[in-house]
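Engineer: The sequence and its predicted three-dimensional model are supplied below.
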Amino acid sequence: MLKSDMPAEIEHLFSKQFQYRKTSEWRLPSASDVFSSEHEELSNFISLKDSLNKTKNLLSDKKLDDWHRHTAFTNIAGRVVPEVRRSANAELCTQAWCKFHEIVWKYPLLPDNALWNRELNTIHLCEAPGAFISSLNHYLKTQDVFCDWNWVANTLNPYHEANDGLVMIADDRLIANTLPWWYFGPDNTGDLMTIKYLDGLQQFISNMSVVHLVTADGSFDCQGDPGEQESLVSPLHYCEVVTCLLTLGKGGSFVLKMFTLFQHSSINLMYLLNCCFNEVHIIKPGTSKAGNSEVYVVCLDYFGKEVIQDIQPKLIHNFGTGIAKKSLFSQRCLPESFLLCHLECCTFFNKHQTETILENLHLFSDMGEEQKKKLNTLRNVAVTYYRQMCDLRRIERKHWLVKNPRAGCSLNPSWMGIRNRRTDTYNERKQLEALTWTEKVAQGFFNPWLKDHVQSNRSVGSFLEYPYCDLNPDNWCFLQGNPLPRIKSSPFCENELLKALNETIAEFFKGTVTNILALPPCSSCCVLDIEYFASVVLSMMDGDQHIFICGAHSLYTFLNERQRSCSFLEMPMSHENISLLHDGEPVYEQQLITLVVCALQKLKKGEFMVLPILSCFTRFTAGILYVLYHCFQCITFLCPTANLTSGTDTVLLCCGFHSIPSQVSHQLEKLKECLDFLVGSGSHQQVVEFVPMEDLLNGPFLQFLWDLNSTVIRHRLHLIGCWENEKAVAYKMESF
């Protein structure tokens with residue numbers, strides 16, 4: 001028998017809601033009062049912020065993995081997600097999925113007129129990995145809402161090399177298989193905090209008669225300064241709100257994720273929304289962890305763009321980070337009745353969050369068996385409550401958005417489970433951030449790679465076999481964007497490794513070593529000499545096929561002396577150093593496409609090719625390898641190869657040339673001409689992609705790129721680590 005207070009606790013968990021009580025004096029100020037004053041914080045709200053941060057500071061010495069494990073157990077709604085995933089067969093079921101489902105059931109997000117017209121148009125900002133979309137799809141299908149649903153989504157492009165991979169969602173199952181519905185803007189980054197993105201989005205959705213719903217689930221990692229989460233995220237929230245106001249149709253709805261609402265920037269946004277919508281609600285969904293600051297603003301019945309017509313030019317002018325420079329409204333523009341209502345709202349959610357944190361702290365150090373039993377019972381009751389509240393029904397897979405996923409990093413075993421997981425405490429993180437690179441090295445930063453000595457060919461087992469399917473150049477598009485400033489992320493490697501390599505290279509440029517690719521070999525590593533390379537090449541050949549060697553002159557000489565049939569193609573690529581652009585340097589891309597086009601023109605059926613490369617972090621280089629994948633019977637790689645080719649330490653071995661269709665050859669020629677023009681003219685544009693991303697994210701090809709890039713990164717980190725270690729030992733010897 002359940003204790004009598006248990007149902008009340010569950011109902012309390014799912015009833016954290018607040019509605020603003022609007023009065024006639026809540027009106028937008030004149031344009032002259034918009035962005036005309038400095039930020040001025042209100043003492044009552046800052047007191048609430050200080051009080052909450054004081055409570056949060058009690059967690060500063062807690063190990064994150066231990067604390068997360070504990071709060072996962074004390075989270076009463078913790079079993080809802082796996083149960084919904086199992087019983088309802090929900091697609092992409094996450095906490096975000098369950099939170100949105102709760103919201104769509106509690107509020108009339110879908111206007112009646114959308115259903116009468118049998119048309120529903122929605123925009124989803126900062127949507128990765130796509131749980132709001134899949135949740136809405138589940139709702140429409142299970143509630144028999146028959147309509148023509150058109151949706152457009154935005155997120156930071158997980159495939160753009162200039163985006164930081166450690167701040168993006170490592171789950172692209174939906175994105176990779178629905179790419180035409182995702183708009184990443186004119187610069188292809190997906191950053192909505194630019195006016196160019198706003199203009200481009202409005203053009204992209206111009207075929208929609210009216211937008212009925214906008215959602216915005218944006219945030220980013222604030223673990224480095226959790227006490228200032230609200231101010232750090234405020235420019236993003238401003239851009240999300242303005243994007244909504246300029247795209248949403250009259251009568252439409254808006255769902256916006258925010259956090260604490262204490263600071264003037266948030267207060268102003270809430271006033272703006274109250275002046276633009278008939279109803280504004282704040283909800284802390286029961287499936288949102290009770291101890292965090294996350295809340296959702298639900299705005300119903302938009303008055304239409306006419307309401308912001310007078311202030312629209314200023315809203316657009318300050319798009320981006322403008323909200324951080326000036327205050328949207330001055331304090332005198334905010335009615336006292338609004339401030340009192342907003343203070344009531346903030347106090348309400350602050351009280352709930354503080355109580356939860358203190359309760360979790362108490363249970364962290366003292367949780368008896370009786371309390372564990374009670375929590376387990378509550379967790380089971382929460383599942384039942386949620387299912388009944390949302391009238392949860394099972395959906396057949398044929399009604400999923402992605403019925404048969406065929407592409408995506410999330411489908412690659414190497415990617416699975418990779419996240420920016422923190423296991424240290426907040427205090428430990430701050431101490432680590434204060435260390436210089438040299439101090440990190442001294443404290444063992446390089447230890448994992450120092451021990452990673454090469455004992456044999458690192459590429460053993462990494463083979464690409466001919467896919468027995470034709471290339472389809474008809475869907476190729478030479479996608480251009482701004483020149484990459486550096487390669488921060490790649491869908492073709494582990495980004496934690498890439499981050500470590502970039503930090504290391506950045507520090508090396510500050511020192512005396514300028515030629516990273518020419519570092520001396522590690523004395524404990526196996527040296528792959530010319531004879532070894534030749535033996536690997538010959539072992540891959542079936543008979544006396546001709547060997548086409550690019551750049552590796554020593555290998556050509558060795559084989560030629562042994563009377564093997566081979567040709568040599570001079571490689572124009574000379575890389576005495578490696579930059580943070582890696583294989584994304586425009587000149588390198590131009591040289592690579594020139595070399596490949598020339599080689600493919602000369603190769604005959606059955607011939608073998610040796611091709612040195614830097615790495616394959618970019619979509620451009622991956623596209624080149626994708627073409628080779630369809631032209632050869634088998635491809636593997638060798639690393640390290642510093643003693644074979646100057647300026648690279650990886651060599652592709654391509655065995656059994658088939659042929660290259662004339663259409664593909666023509667497209668590659670056009671690509672070469674495009675790069676010749678961009679590089680030759682000093683253009684501020686760069687070709688970032690030419691083979692569609694959906695093709696590059698497939699099975700064995702993606703796995704091969706992960707193996708290749710992982711080998712390159714680990715080898716470079718190992719050599720640099722050995723170099724630093726030897727310098728440190730030499731310094732100690734000199735000290736004596």
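Structural biologist: Thanks, I have it.
Engineer: Mind giving me the packing neighbours of the host helix or strand of Leu600?
Structural biologist: Element membership of Leu600 [criterion: DSSP states H and E] is helix 586-602. The elements that helix 586-602 packs onto, with contact taken as 3 or more CB pairs under 8 Å, 6 or more residues apart in numbering; DSSP states H and E, are strand 547-550, strand 566-569, strand 608-613, helix 619-629, helix 662-680, strand 686-689. From N, CA and C alone the C-beta is placed, and that goes for glycine too.
Engineer: now the fifth one, how far from the chain's geometric center?
Structural biologist: Which is helix 662-680. Chain-centre distance of helix 662-680: 30 Å, with CA atoms, centre = their mean, to the nearest Å.
Engineer: Please spell out which residues along that helix are buried.
Structural biologist: Within helix 662-680, the residues scored as buried using 16 or more other CB atoms under 10 Å are 664-665, 667-668, 671-672, 674-675, 678-679.
Engineer: would a markdown table of those with pLDDT and distance to Asn380 be doable?
Structural biologist: Below are the buried residues of helix 662-680 laid out as a markdown table (pLDDT from 0 to 100; distance: CB to CB, whole Å):
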| residue | pLDDT | distance to Asn380 |
| --- | --- | --- |
| Val664 | 94 | 58 |
| Ser665 | 94 | 64 |
| Gln667 | 95 | 59 |
| Leu668 | 96 | 60 |
| Leu671 | 96 | 59 |
| Lys672 | 96 | 64 |
| Cys674 | 96 | 61 |
| Leu675 | 95 | 61 |
| Leu678 | 95 | 61 |
| Val679 | 93 | 63 |
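Engineer: For Glu38, which non-adjacent residue is spatially closest?
Structural biologist: Nearest non-adjacent residue to Glu38, counting by CB to CB, 6 or more residues apart in numbering: Ser327, 6.3 Å away.
Engineer: For that neighbour, report the pLDDT, please.
Structural biologist: Note on Ser327: pLDDT of 91.
Engineer: who are the neighbours in contact with it?
Structural biologist: Ser327 is in contact with 35, 37-40, 264-265, 268, counting by CB atoms under 8 Å, 6 or more residues apart in numbering.
Engineer: Contact partners for Ala500?
Structural biologist: By CB under 8 Å, 6+ apart, the contact set of Ala500 is 713, 717.
Engineer: Now the strand or helix carrying it: buried residues?
Structural biologist: Per DSSP H and E: Ala500 is located in helix 495-508. Within helix 495-508, the residues that count as buried by 16+ other CB under 10 Å are 495, 497-502, 504-505, 507-508.
Engineer: If we only consider these, which is nearest to Cys722?
Structural biologist: Relative to Cys722, the closest of the buried residues of helix 495-508 is Thr504; by CB to CB it sits at 12.4 Å.
Engineer: just checking, Pro700 touches Tyr466?
Structural biologist: No - Pro700 lies out of contact with Tyr466 (CB atoms under 8 Å); the separation is 10.7 Å.
Engineer: Give me the pLDDT for Val152.
Structural biologist: Looking at Val152, its pLDDT stands at 98.
Engineer: ok but it is inside a strand, no?
Structural biologist: Yes - Val152 forms part of a strand when assessed by DSSP: H, G, I helix; E, B strand; the rest coil.
Engineer: ok, how many other residues are close to it?
Structural biologist: Around Val152 there are 21 other residues, counting by other CB atoms under 10 Å.
Engineer: For it, give me its contacts.
Structural biologist: Applying CB under 8 Å, 6+ apart, one finds that Val152 lies in contact with 122-124, 181-183, 201, 204-205, 208.
Engineer: The residue nearest to Phe303 when sequence neighbours are not counted: neighbouring residues, count only.
Structural biologist: Excluding the flanking residues, the one nearest Phe303 by CB to CB, 6+ apart is Cys276, at 5.7 Å. Close neighbours of Cys276, defined as other CB under 10 Å, add up to 22.
Engineer: swap in Asn698?
Structural biologist: 18.
Engineer: Please apply the same query to Thr55.
Structural biologist: Residues near Thr55, counting by other CB under 10 Å, number 18.
Engineer: do the same with the one 3 residues further on
Structural biologist: As a burial measure, the neighbour count of Leu58 was computed by other CB under 10 Å and equals 11.
Engineer: The closest residue to it other than its chain neighbours: neighbouring residues, count only.
Structural biologist: Distances taken as CB to CB, 6+ apart put Leu361 closest to Leu58, at 6.0 Å, once the chain neighbours are dropped. If you count neighbours by other CB under 10 Å, Leu361 ends up with 17.
Engineer: how close does the spatially most distant residue from the centre of the chain sit to Ile547?
Structural biologist: Centroid-distance maximum for the chain: Gln563 at 51.5 Å, with CA atoms, centre = their mean. Gln563 sits at a distance of 12 Å from Ile547 (criterion: CB to CB, to the nearest Å).
Engineer: List the contacts of the spatially most central residue of the chain.
Structural biologist: Per CA atoms, centre = their mean, the C-alpha nearest to the average position across the chain is that of Met168, at 2.3 Å. Contacts for Met168 were tallied using CB under 8 Å, 6+ apart; they are 128, 155-156, 158, 489.
Engineer: Apply 10 Å and report the result again.
Structural biologist: 128-129, 155-160, 190, 220-221, 420, 488-489, 495 (CB atoms under 10 Å, 6 or more residues apart in numbering).
Engineer: out of those residues, which one sits closest to His582?
Structural biologist: His582 lies nearest to Lys488 out of the contacts of Met168, by CB to CB, at 10.6 Å.
Engineer: Quick check: the closest one touching Leu580?
Structural biologist: Yes - the criterion here is CB atoms under 10 Å, and Lys488 meets it with Leu580 at 8.6 Å.
Engineer: These two: which has the busier surroundings?
Structural biologist: The residue with more neighbours, out of Lys488 and Leu580, is Lys488; 21 against 17, by other CB under 10 Å.
Engineer: Quick check: nearest residue in space to the more buried one, chain neighbours excluded?
Structural biologist: Nearest residue to Lys488, sequence neighbours excluded (CB to CB, 6+ apart): Asp164, at 4.8 Å.
Engineer: Any figure for the gap between the one you found and Phe492?
Structural biologist: In terms of CB to CB, Asp164 sits 16 Å off from Phe492.
Engineer: what about these two, which has more around it?
Structural biologist: Under the neighbour definition other CB under 10 Å, Asp164 and Phe492 were set side by side, and Phe492 has more, 32 against 14.
Engineer: does that one belong to a helix or a strand, and which?
Structural biologist: Secondary structure from DSSP H and E places Phe492 outside every helix and strand.
Engineer: OK, contacts around the closest residue to Asp310 other than its chain neighbours?
Structural biologist: Excluding the flanking residues, the one nearest Asp310 by CB to CB, 6+ apart is Ala31, at 5.0 Å. Residues in contact with Ala31, defined by CB under 10 Å, 6+ apart, are 309-315.
Engineer: Taking these, please make a ChimeraX selection of just the buried ones.
Structural biologist: This is how ChimeraX selects the buried members of the contacts of Ala31, with burial counted by 16+ other CB under 10 Å:
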select :311,312,314,315
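Engineer: so of the contacts of Ala31, which ones are in helices?
Structural biologist: Using DSSP state H, the subset of the contacts of Ala31 located in helices is 312-315.
Engineer: Cys299: which of those is nearest?
Structural biologist: The closest of the ones in helices among the contacts of Ala31 to Cys299 turns out to be Leu315 (CB to CB; 16.1 Å).
Engineer: Go ahead and confirm the closest one touches Asn268.
Structural biologist: No - Leu315 is not in contact with Asn268 according to CB under 10 Å; the separation is 11.6 Å.
Engineer: Could you list which residues are in contact with Gln563?
Structural biologist: Counted by CB under 10 Å, 6+ apart, Gln563 has contacts Asp544.
Engineer: confidence score at it?
Structural biologist: For Gln563, pLDDT reads 77.
Engineer: Just give the nearest non-adjacent residue to Phe146, would you?
Structural biologist: In this structure, Phe146 finds its nearest non-sequential neighbour in Arg118, 6.8 Å apart by CB to CB, 6+ apart.
Engineer: and the gap between that neighbour and Glu230?
Structural biologist: 41 Å.
Engineer: Okay then, goodbye and thanks.
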